Structure formats: C-alpha cells, structure tokens
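Asker: Quick one: sequence plus predicted model below, questions after.
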Amino acid sequence: MSDKIDKSQFNEDELEAPSWLNAQFVGGILAAYKNSSELKVTDLKITPATAQGDHYASVMFRATAEYSTSKGKFSKALIIKTMPEQEGHKKDMLADSHLFETEIGMYCQVLPEFERILTEAGDTTKLFAPCLYHSLEPRQVMIFEDLVPLGYSVVRDRPVSQNELKNVFSKLAKWHAVSMKIIKERPEFLKEYKYGLFDLPHFVTDPMVTSGIDKFIEMLDKLPDLKKYKPHFEKIKGNYLKRLQSELQEYHQNRRDDSYYVLCHGDFHLRNMMFKNNQKTGAVEDVMLVDFQISNLSPISTDLIYSIYMLMEPEQRREMGKELINYYFTVLLDTLKKIGYKDPMPTQAKLWEQLHRNKYYDFFLISTFFPLILAVKTNSFQMNELIQDPETQKKAYFLDTYVKDVEKLLPKFEKLGYFKGL
C-alpha cells in the first residue's frame, strides 16, 4: 500500500490489503485469464479503489499488476472486490447476505444475456465491465477490469449534468425493458434475484434504519416552516417499514395486475456509476453502471424513486424527477418495441400511478437515507460515523442543503396526496 495517499479520504478497511491479496494470487488469476502458464507478476501496487462515501457493502482495492511473459512486459489495472474481514459494524451488517452470489450471477449470466438481446435488436449498449475472476470459496472475491484507464470516472466534486443524467436513465430504461421481456417470456431465468436492500439479514433491525424517522420527526418539530408535517410522520412511524417491505416484495408476495415489474439495480445512486466524457469538449460519451449486489425483481418504481433522492440534483428532485423519468419512459417504450415485447405496452399514466402508490419508499428515503447521502456529499462527515453514530446522524438532519430540499419536497407530497389515508 502506498504511503503517499491521504488516508482520511478512504474507508479504514481499504487502507491495508489482506495478506492473501498478493502477487501470487493475482498472478494466478491473470495467468488463467490470459491462458498463459508462464505469466509472472513482477510488481503489484494496491491502493483503495473508492473514496469515503462511495459504497459500504464490500471492500474494494485498485491493483496495478506489472507482469511478464515470453512476449514481453505488460501492465494490467484491476478492481478487486471482497467482503470485509475487519470485525465491526460492516462485517456484522453484511454477514450471511446474498451480495456476492447476486453480483456474480449478474455479471456472469444476467447482464451478458441482456446485452445479447439488445445486440440482436441492433443496440450495442454495454451494460457492464468485464469480470475477470470470481469466487465464493474460500473467500468471496470478484476481480474486474479497471475502467479508469479507459477514461471513466466517478462524479464526486461537482453536480452531475442533465446530459449525464439522461445517459444514466437511458441505460437503466434499456436494462429494465429487457428484464420485462424476460419476466414475461422465461421468468425462471431471473427467479433467484429476490434479495433487495431490505432483505439484507441485519438491515431492518439496524439502529440507523429504525431510528431515521424519529430523527426526521425531531427535525420537523424544531423548524417552524415544517412542523405542520410532523403529525403525518408520527402517524406512520410504527408500521411504515413493514409497509415499505411489502411494497418492495410485491413481485414475490402479492403481485398486482396494475403494476410493472423489472429486475432493478437496487442501489441506483451517483457513486454506483462511472462516466466517460470527451476530453476536449466535456460531452458525455458513456456511463457504466456498477455494483449489482442487491439487484432484484421489484416494482419498476424501486430504482426510479431511489434515483430522485440518491442520484438527481435539487432542480430535478423538486419536480419529483418528472422530466428525467418521462425521458426514461420514452427509451423504455422504444426498447420494448425494438426487442419484440409481446405484452401490452406500458403507459406513462400507469407508470406515474405506480410511482405515487409506492410512496412509502419516498417516506423512508427522505427520512433516513437522504440526509446521510447529502452529508456525505459535503465531504465533512465520515461514512462509518454517519451509519453508526446517532449524534453524527442528527447533525445531518439540520444541514442547509437537506432542509432546503425537504422544504420543497413535503409540499409536493401533500399536493400528490401522499398524506391522505395514512
């Protein structure tokens, strides 16, 4: 590990690579990938792959392997993803989860099949980066080609542009469209993808999750302009998580004729996508979605509602993502036609009905995840403290950026009728 990095910018458990992650291990993987028994790694540099706040559900390293064969000397940039080994909250939270089984299946079976269907329809969209290696035993590991040398990067220190967001929603719409076709024609292909965010073994009982709405109500109570909304959230706080779980598990437990279902990404936020922009003009050329650990069969609203709070900028969010979601819908419809979707086509009106019906996800996100993600964006908070420390969490609820958004969003909830019949 390099001593030159600023350690404060990275997750603590990614500052030191585990002992098994060495030149011999990486050399064996590259030798198999290149089909070269003579390949030998001559130098291996390992650094953290992501910054504070980029992710939580794994440990990630960036490796540069210098290697030699009879053909000469070469270099390969890799991303190595594994489960946390340090004792603590992260390891406890993720223990006994299906994260790696899900992501391996996504990279090795599902996404290649999605791309094949798009390609047959004349669409060459790339949905994923190459996975060079994966294992579940003796440890859970995935190794990918690093996208950074190919010109991709994560947006961290600037607002994401409207054109970048359109690229994101276009790619999501194509993914969702293919999944709708498969759900109708051969649902058994996707039947194993049933583990979403709320199916993580310890997620629903984690204090960060269970106490979010209480902190939100406390914030409403202390701000005169927002206090009038307090009774609505007091009314739901006892059962809203159960209502939300029921919404998210609708495909598996209580399928409706008036709902659309897709294989959702499940964690559709800005740090789970990498953009490639033209070096001269700055124009966006591509976006690559990453981190498919909680991809699951779910209502179409799951990724879309999540994106309003976890991806969009304030100007899009204040209209509940209307322009971008309508753009997404046009691409969805166009892709369904191209790939030969045989069922009745979805309608925009029905999509919005479903988005508004699944309002408990809005309630959870605005009260629990949204303040934390905005706090991370300020670069003034440590991710582990935001997740584990109640006093740090309380500070996030009074950030100006968060309060301003809530002041705009709650009147929208009221206008849409979200508080009626609670």
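Answerer: All right, it came through fine. Everything numeric here is computed off the predicted structure, so don't read it as measured data.
Asker: Pull the contacting residues for the residue nearest the centre of the chain.
Answerer: The residue lying closest to the centre of the chain (C-alpha atoms, centre = their mean) is Asp267, at 2.5 Å. Applying C-beta atoms under 8 Å, 6 or more residues apart in numbering to Asp267 gives the contacts 57, 197, 291, 293-294, 306. Backbone N, C-alpha and C define where each C-beta goes, glycine included.
Asker: Work out for me the element it sits within.
Answerer: In the assignment (DSSP states H and E), Asp267 maps to no helix and no strand.
Asker: quick one: it from Ala65, how far?
Answerer: 28 Å (C-beta to C-beta, to the nearest Å).
Asker: And for Ile300?
Answerer: Ile300 is 41 Å from Ala65, by C-beta to C-beta.
Asker: before we move on, what about Met180?
Answerer: As for Met180, its distance to Ala65 is 40 Å (criterion: C-beta to C-beta).
Asker: Kindly report the same for Thr330.
Answerer: Noted for Thr330: a distance of 43 Å to Ala65, by C-beta to C-beta.
Asker: quick one: which of the two has more around it?
Answerer: Taking neighbours as other C-beta atoms under 10 Å, Thr330 and Ala65 compare with Ala65 leading, 21 against 13.
Asker: I figured the more buried one hits Lys73, correct?
Answerer: No: using C-beta atoms under 8 Å, Ala65 is not in contact with Lys73; the gap is 11.3 Å.
Asker: So which elements touch the longest helix anywhere in the chain?
Answerer: Ranked by number of residues, the top helix in the chain under DSSP state H is helix 162-185. With contacts taken as 3 or more C-beta pairs under 8 Å, 6 or more residues apart in numbering; DSSP states H and E, helix 162-185 sits against helix 111-120, strand 261-264, strand 273-277, strand 284-289, helix 301-310, helix 322-338.
Asker: Let's see that with 10 Å instead.
Answerer: In this structure, helix 162-185 makes packing contacts with helix 111-120, strand 261-264, strand 273-277, strand 284-289, helix 301-310, helix 314-317, helix 322-338, judged by 3 or more C-beta pairs under 10 Å, 6 or more residues apart in numbering; DSSP states H and E.
Asker: can you give me the strands in the stretch 51-200 of the chain?
Answerer: For the stretch 51-200 of the chain, strands defined by DSSP state E, counting those that start in this stretch occupy the ranges 59-69, 72-82, 131-135, 141-145, 152-153.
Asker: Overlap of the contact sets of Ala65 and Lys73?
Answerer: Common neighbours of Ala65 and Lys73, using C-beta atoms under 10 Å, 6 or more residues apart in numbering, are Thr42.
Asker: Now do the same contact list for the closest residue to Asp43 other than its chain neighbours.
Answerer: Computed as C-beta to C-beta, 6 or more residues apart in numbering, the closest residue to Asp43 that is not its neighbour in sequence is Glu66, at 4.1 Å. Neighbouring residues of Glu66 by C-beta under 10 Å, 6+ apart: 23, 40-45, 73-76.
Asker: Show me which of these are buried.
Answerer: Neighbour counting by 16 or more other C-beta atoms under 10 Å classes 23, 41, 44, 76 among the contacts of Glu66 as buried.
Asker: What about those, which are in helices?
Answerer: Mapping those onto helices (DSSP H) picks out Ala23.
Asker: Determine the next helix or strand in the C-terminal direction from the longest helix of the chain.
Answerer: Remark: after helix 162-185, the chain's next helix or strand is helix 207-210, criterion DSSP H and E.
Asker: ok, residues contacting that following helix?
Answerer: Surrounding helix 207-210, the residues in contact under the criterion C-beta under 10 Å, 6+ apart are 89, 93, 197-198, 200, 202-204, 215, 237, 241, 364, 368-369, 372, 386-390, 393.
Asker: ok, now with 7 Å
Answerer: 203, 368, 387, 393 (C-beta atoms under 7 Å, 6 or more residues apart in numbering).
Asker: do the same with stretch 113-130
Answerer: Residues from elsewhere that reach stretch 113-130 (C-beta under 7 Å, 6+ apart): 107, 111, 144-145, 147, 171, 174-175, 178, 181, 288, 290, 338-339.
Asker: For it, which residues meet the burial criterion?
Answerer: 114-115, 117-118, 123, 127-129.
Asker: Need those in a markdown table (columns: distance to Lys276 and pLDDT).
Answerer: Output for the buried residues of stretch 113-130, formatted as a markdown table (distance: C-beta to C-beta, whole Å; pLDDT from 0 to 100):
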| residue | distance to Lys276 | pLDDT |
| --- | --- | --- |
| Phe114 | 20 | 98 |
| Glu115 | 17 | 98 |
| Ile117 | 23 | 98 |
| Leu118 | 19 | 98 |
| Asp123 | 18 | 98 |
| Leu127 | 14 | 96 |
| Phe128 | 14 | 94 |
| Ala129 | 12 | 91 |
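Asker: Of those residues, just say which sits nearest to Phe413.
Answerer: Leu127 (33.5 Å; C-beta to C-beta).
Asker: Kind regards, and thank you for your time.
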